[in-house]
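Engineer: missing the sequence, but the structure's below:
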């Protein structure tokens, strides 16, 4: 049957049809119940977004309390020297900030996560499954890294063997991650002040009481370098740091709950978005620099193998400023708090990414909790394989894929949408509205990641190997607009309209808050989450469209005008 344009009734919303207790529609599916808890896979509606901009920002920033930055910075500094490390950290931070800004804005403005942004920003409905898997691998890799750090702390402080520490660090986050944003916001807000005090206090004490530590830090030449700043060392270090570029996805998992931007709140709204979006990298870069400082400080005491371990770094720092009986308990407390703060985010965001991919490919929604366990299983396997011992190699390889993805999406938003006007300005994520695959993003991402990975593994010669992250960024940045021009932007939208007369955005440019009842699950949803049904004079929500295996409700293709 041909699609029918859906006209909004005079009442401004669809009136739910009468139901009885025996009506099957009254018994909603697991997918509906669970996704309404924190709007997994969905647009986050205005009715749910009751937090202030600064509460959302604090919650988002709480997730970057991870200790991996200290290890990453230490590893780069010990190998290449302080000068190269600081320049590498600065270069990576600048790239992460610039690419993260448009993504954070779109997530906060239109209340969708990075996967939904990616679908309409060059990849298509199924094409973005590629990047969902990349993001999911980011979350379990960094979960494993943080879990390894916590296990080191538990071994030093409590004598637990590493294998048991890995298991403890994995299992303890499960109860916390079940409840989504409501639980995570409370956890992050209440633990952040304690974490900040424990992290900053020893550093301030060392610098003020022993200024010589600063001189030793600045003059450290590294184990395989002369101390001179050189391009190869900087780029190798920056490549490791750039593995964190995908962290913006976890920031957006919180930023999508920002309240509508209005004249009254625009200053605090922008402050929160910049601070908790791309601004996360400012604190991240500082932590990496602190990691170099602490590694140099304890190098003579523990040696180069243990110096990158945060538990060793903070044990020595605390030992300089307080009684010995307090040192280990505080160091372990810092590591445990940090690990919990980031790994609930890793487990949560990873489960969203896996669920998104599985639901689109199979048309089934098995429940987000299934993929919490899947993600944790991958992380535990990496920990038991002792990934910490070859940390920089893993991150250097991974950064090529992450850079290719993030730069492609950021370029599509900044260049293809705003400059070339070839990509639709309003984000689109609903099935039926998008082509299955858009060559703009997929071609750019695959070409950038494959060529940069080949460079990383010396396939194009030893001279070019350090430039693999630069290649990933440049190729993605050039190919994304070039492919859009060649294809004339015709693979972005499969349809010109979704069959609902009311605009997606209100007068202030925020997603409309008008509600309609979904024809399939009979739940109310706000305007951006729905499209007209192909076979009924009704509307269907985005998740019911995703799980429609026979395409009974999915609108047919229609010529579009970009």
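Structural biologist: Yep, that arrived. Keep in mind the model is a prediction, meaning the values are calculated, not measured. Residues are numbered from 1 along each chain as shown.
Engineer: Let me know how buried the nearest residue to residue 395 once chain neighbours are set aside is, in neighbour terms.
Structural biologist: Leaving out its chain neighbours, the residue that sits closest to residue 395 by Cβ to Cβ, 6 or more residues apart in numbering is residue 243, at 3.8 Å. All C-beta spots, glycine's among them, are computed from the backbone N, C-alpha and C. Counted by other Cβ atoms under 10 Å, the residues lying close to residue 243 total 27.
Engineer: Could you pull up the residues touching residue 371?
Structural biologist: For residue 371, the contact set (Cβ atoms under 8 Å, 6 or more residues apart in numbering) comprises 350-351, 354-355, 358.
Engineer: Which helix or strand contains it?
Structural biologist: According to DSSP states H and E, residue 371 maps onto helix 368-384.
Engineer: follow-up on the earlier one: among the contacts of residue 371, which one has the most neighbours?
Structural biologist: residue 350 (30 neighbours).
Engineer: That residue - nearest residue in space that isn't next to it in sequence?
Structural biologist: residue 139 (3.2 Å).
Engineer: so the strand or helix carrying that neighbour versus helix 368-384, what angle?
Structural biologist: For residue 139, the element it lies in under DSSP H and E is helix 129-158. Angle, helix 129-158 to helix 368-384, by axes from the mean of the first three to the mean of the last three Cα atoms, to 10 degrees: 60 degrees.
Engineer: And helix 129-158, what's buried?
Structural biologist: 129-132, 134-157 (16 or more other Cβ atoms under 10 Å).
Engineer: contact partners of stretch 151-167?
Structural biologist: Against stretch 151-167 from outside (Cβ under 8 Å, 6+ apart): 147-148, 150, 168-169, 309-312, 315, 328-329, 331-332, 335-336, 380, 383-384, 388.
Engineer: Among the residues you listed, name the buried ones.
Structural biologist: 147-148, 150, 168-169, 309-312, 315, 328, 331-332, 335-336, 380, 383, 388.
Engineer: Report how many residues lie close to residue 267.
Structural biologist: By other Cβ under 10 Å, 10 other residues sit near residue 267.
Engineer: for the one 3 residues further on, same thing?
Structural biologist: Around residue 270 sit 14 other residues, with neighbours defined as other Cβ under 10 Å.
Engineer: so who does it touch?
Structural biologist: Shown in contact with residue 270 (Cβ under 8 Å, 6+ apart): residue 261.
Engineer: Rounded mean pLDDT for the helix or strand hosting it, please.
Structural biologist: Using DSSP H and E, residue 270 sits in helix 266-276. Computed over helix 266-276, the mean pLDDT rounds to 95.
Engineer: Same check on stretch 135-155?
Structural biologist: pLDDT averaged over stretch 135-155 gives 85.
Engineer: where along this protein do the strands fall?
Structural biologist: According to DSSP state E, the chain carries its strands in the segments 515-517, 524-526, 530-532, 539-541.
Engineer: To residue 234, which of those lies closest?
Structural biologist: strand 524-526 (47.2 Å; Cβ to Cβ).
Engineer: didn't the residue nearest to residue 395 look like it was pressed against residue 405?
Structural biologist: No - using Cβ atoms under 8 Å, residue 243 makes no contact with residue 405, being 12.0 Å away.
Engineer: what stretches of the stretch 401-550 of the chain score poorly on pLDDT?
Structural biologist: Within the stretch 401-550 of the chain, no range satisfies pLDDT under 70.
Engineer: List the contacts of residue 276.
Structural biologist: 56-58, 60-61, 104, 251, 254-255.
Engineer: still on that earlier bit, mind checking which of the strands of the chain is nearest residue 345?
Structural biologist: Nearest of the strands of the chain to residue 345, taken as Cβ to Cβ: strand 524-526 at 25.6 Å.
Engineer: got the buried residues for stretch 277-291?
Structural biologist: Going by 16+ other Cβ under 10 Å, stretch 277-291 has these buried residues: 277-281, 283-291.
Engineer: quick one: contacts of that stretch?
Structural biologist: Outside stretch 277-291, the residues that touch it by Cβ under 8 Å, 6+ apart are 60-61, 64, 69-74, 76-77, 85-86, 89-90, 92-93, 96-101, 103-105, 107-108, 199, 203, 241, 244, 247-248, 251-252, 255, 308, 310, 313.
Engineer: if I look at the closest residue to residue 301 other than its chain neighbours, how far off is residue 366?
Structural biologist: With sequence-adjacent residues excluded and distances taken as Cβ to Cβ, 6+ apart, residue 301 is closest to residue 316, at 6.2 Å. As judged by Cβ to Cβ, to the nearest Å, residue 316 and residue 366 stand 46 Å apart.
Engineer: So if I had to pick from the two, which one is more boxed in?
Structural biologist: Legend: neighbour count by other Cβ under 10 Å for residue 316 and residue 366, higher for residue 316 (19 against 15).
Engineer: I figured the more buried one hits residue 296, correct?
Structural biologist: No - counting by Cβ under 8 Å, residue 316 stays clear of residue 296, with 11.3 Å between them.
Engineer: overlap in contacts of these two?
Structural biologist: Applying Cβ under 8 Å, 6+ apart, one finds that no residue jointly contacts residue 316 and residue 296.
Engineer: who's in contact with the residue nearest to residue 549 when sequence neighbours are not counted?
Structural biologist: Closest residue to residue 549 apart from its sequence neighbours, by Cβ to Cβ, 6+ apart: residue 363 at 4.2 Å. With contact set as Cβ under 8 Å, 6+ apart, residue 363 has these partners: 546-549.
Engineer: just to revisit the earlier point, gap between the helix holding residue 139 and the chain center?
Structural biologist: Remark: helix 129-158 is offset 14 Å from the chain centroid, using Cα atoms, centre = their mean, to the nearest Å.
Engineer: and if you look at stretch 277-296?
Structural biologist: For stretch 277-296, the distance to the chain centre is 18 Å (Cα atoms, centre = their mean).
Engineer: Ok, stretch 205-220 next?
Structural biologist: On Cα atoms, centre = their mean, the centre of stretch 205-220 falls 35 Å from that of its chain.
Engineer: Pull out the buried positions in that stretch.
Structural biologist: 206, 213, 217, 220.
Engineer: So what would you say the end-to-end distance of it is?
Structural biologist: End-to-end distance of stretch 205-220 (Cα to Cα, to the nearest Å): 21 Å.
Engineer: Burial check on residue 557, number of neighbours?
Structural biologist: A count of nearby residues for residue 557, using other Cβ under 10 Å, gives 11.
Engineer: So what sits opposite the closest residue to residue 125 other than its chain neighbours in the bridge?
Structural biologist: Nearest in space to residue 125, with sequence neighbours left out and distances taken as Cβ to Cβ, 6+ apart, is residue 434 at 4.3 Å. Under DSSP bridges, the beta-bridge partners of residue 434 are residue 431, residue 493.
Engineer: Residue 434 and residue 531 touch, don't they?
Structural biologist: No - counting by Cβ under 8 Å, residue 434 does not reach residue 531; the two are 11.0 Å apart.
Engineer: quick one, helices of the stretch 451-562 of the chain?
Structural biologist: Counting by DSSP state H, counting those that start in this stretch, one finds helices in the stretch 451-562 of the chain at the ranges 468-487, 542-546.
Engineer: which of the residues in the last one are buried?
Structural biologist: This means helix 542-546. Under the neighbour-count criterion of 16+ other Cβ under 10 Å, helix 542-546 has 542-546 buried.
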